[in-house]
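Student: Sequence first, then the predicted structure:
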Amino acid sequence: TPEDYGVVAMAMITVGILQVFSDMGIDLSLVRHPDPKREHYDTAWTFQLLLGCFVALLILLSAPLAGDYFNDRRIEEVMHLLAVSPVIYGLRNIGIVDFRRELNFRKEFSFNIINKLVSVPVTIGFAIVLRNYYALVFGLIASALAEMLISYYMHGYRPRFSLVAFAELRSFSFWIFVRNVAIYLRSKTDQIVVGRVAGGGGLGVYYIAVELARSFTSEIAHPIGRALLPGYARIQNDQSRVRSAYVKVLGGLSFFMLPLVCGLASISDVLIPSLLGDQWEDSSQYFSVLVFAFGASALTTAAAPMMVAMDKVMQTAIIRVVQVVLLSLVLFPLAHFSSIE
């Protein structure tokens, strides 16, 4: 129900903000590094695990505050369970970044699809048995566990505790961290406001509209972005090739994205109830607008990996911070005298 999704969405807003602290771009540092050695991989894995443990502690400590903010004690229970996820993700095999470094997208695809083939049926099974929001919680934990185990099955690297190369990876990772925090806040500030104003049911309806609108566009743009970073990294010293590649990618994305979002917006009244049932009909009004926003955002896929590859991460981070500031200046004042719309 919308209420179930709303409860988990409110918990995930807080969990997600804290999990950003464990995503400092260590994997991107390895992808971009011209010749990473064993000590780089060991350092990246150790740092990743330490951050995961730290974030788990933050989630446990912040659970009561999140419950107070959203006026719902169920959020505390959900967050206590989800605190295990960042530790599991921290244990993932850092060796799988080689799939991207070596442009081996067959293995990259296999890794992602096997994880889905495991986690999706498990989540559906929980939903059939439990029929409440705990199914979503256990599904998220199962997905993290499946991803961790599959990473060791698919890559032979076996980690050791080490921080020898920390100084070398740190400077690049700091601005990646700032960028990731800003990206997350930009994507969740609206839900923070809606959850406070409309409660679990209202946020559930809005959340599904957001996730569907994002999925239809990001499932095209996100894989392209993952492929572009190592590609840009290989030609970063040839500006004419980088420029040519950027223009081609932007043109290709626009060619697909414009008709896609126009088509989806025009059939939103039929699409949402057909996919999810009549109880989600209210999501259609939000979806028809949000799909344009996410379609426009998807076009930045052409630029973001290029900025990272060319060591312009600081500029990217500043752009994202400005976006968050502008969004907050609009949303928070409106929340005092406006509905979700």
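Tutor: Arrived safely, thanks for sending.
Student: how near is Leu136 to Val313?
Tutor: 34 Å (C-beta to C-beta, to the nearest Å). Every residue, glycine included, has its C-beta placed from N, CA and C.
Student: isn't Gly195 right up against Met10?
Tutor: Yes: with contact defined as C-beta atoms under 8 Å, Gly195 reaches Met10; the gap is 4.8 Å.
Student: Now Leu275: which helix or strand?
Tutor: Secondary structure assignment for Leu275, by DSSP states H and E: helix 268-276.
Student: buried sites along that helix?
Tutor: Under the neighbour-count criterion of 16 or more other C-beta atoms under 10 Å, helix 268-276 has 268, 271-272 buried.
Student: do the same with stretch 237-249
Tutor: For stretch 237-249, by 16+ other C-beta under 10 Å, it's 242, 245-246, 249.
Student: show me the contacts for Phe111.
Tutor: Residues in contact with Phe111 (C-beta atoms under 8 Å, 6 or more residues apart in numbering) are 96, 99, 150-151, 154.
Student: now Leu275
Tutor: Leu212.
Student: How are the helices of the stretch 1-150 of the chain distributed by residue range?
Tutor: Ranges of helices in the stretch 1-150 of the chain, per DSSP state H, counting those that start in this stretch, are 2-19, 26-32, 38-70, 74-82, 84-90, 97-101, 105-130, 134-154.
Student: and those, which one is worst for confidence?
Tutor: Mean pLDDT is lowest for helix 26-32 out of the helices of the stretch 1-150 of the chain, coming in at a mean of 72.
Student: residue ranges for the helices of the stretch 151-300 of the chain, please.
Tutor: Per DSSP H, counting those that start in this stretch, the stretch 151-300 of the chain carries helices over the ranges 166-234, 239-266, 268-276, 283-298.
Student: Just want the angle from the first one to helix 268-276.
Tutor: Regarding helix 166-234 and helix 268-276, their directions subtend 120 degrees when assessed with axes from the mean of the first three to the mean of the last three C-alpha atoms, to 10 degrees.
Student: coming back round to it: the more surrounded of Leu136 and Val313?
Tutor: Between Leu136 and Val313, counted using other C-beta atoms under 10 Å, the more crowded position is Val313 (24 against 20).
Student: measure the more buried one to Tyr89 for me?
Tutor: Separation of Val313 from Tyr89 (C-beta to C-beta) stands at 22 Å.
Student: can you redo the buried residues of stretch 237-249 as JSON lines with distance to Gln285?
Tutor: JSON lines is the format used below for the buried residues of stretch 237-249 (distance: C-beta to C-beta, whole Å):
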{"residue": "Val242", "distance to Gln285": "41"}
{"residue": "Ala245", "distance to Gln285": "39"}
{"residue": "Tyr246", "distance to Gln285": "36"}
{"residue": "Val249", "distance to Gln285": "33"}
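Student: ok, so of those residues, who is nearest Ala144?
Tutor: If you rank the buried residues of stretch 237-249 by distance to Ala144 using C-beta to C-beta, Val249 comes first, at 31.2 Å.
Student: what residues are up against the nearest residue to that closest one once chain neighbours are set aside?
Tutor: Using C-beta to C-beta, 6 or more residues apart in numbering and skipping the chain neighbours, the partner closest in space to Val249 is Ala302 (4.2 Å). Ala302 sits next to 228, 246, 249-250, 253 when contact means C-beta under 8 Å, 6+ apart.
Student: How about Thr301?
Tutor: Counting by C-beta under 8 Å, 6+ apart, Thr301 touches 221-222, 224-225, 228, 249, 253.
Student: Quick check on these: which are buried?
Tutor: Among those, the ones that count as buried by 16+ other C-beta under 10 Å are 221, 224-225, 228, 249, 253.
Student: Output those in a markdown table, with distance to Val84 appended to each entry.
Tutor: Compiled in a markdown table, the buried ones among the contacts of Thr301 are given as follows (distance: C-beta to C-beta, whole Å):
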| residue | distance to Val84 |
| --- | --- |
| Ala221 | 30 |
| Ile224 | 32 |
| Gly225 | 29 |
| Leu228 | 33 |
| Val249 | 38 |
| Leu253 | 37 |
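Student: Pick the one among these closest to Gln48.
Tutor: Closest approach to Gln48 among the buried ones among the contacts of Thr301 (C-beta to C-beta): Gly225, at 20.7 Å.
Student: what's the closest non-adjacent residue to that closest one?
Tutor: Distances taken as C-beta to C-beta, 6+ apart place Thr301 nearest to Gly225, at 4.4 Å, with adjacent residues excluded.
Student: what does Arg32 give?
Tutor: Here the residue nearest Arg32, using C-beta to C-beta, 6+ apart, is Ala233, at 5.3 Å.
Student: That neighbour - how many residues pack around it?
Tutor: Neighbours around Ala233, by other C-beta under 10 Å: 20.
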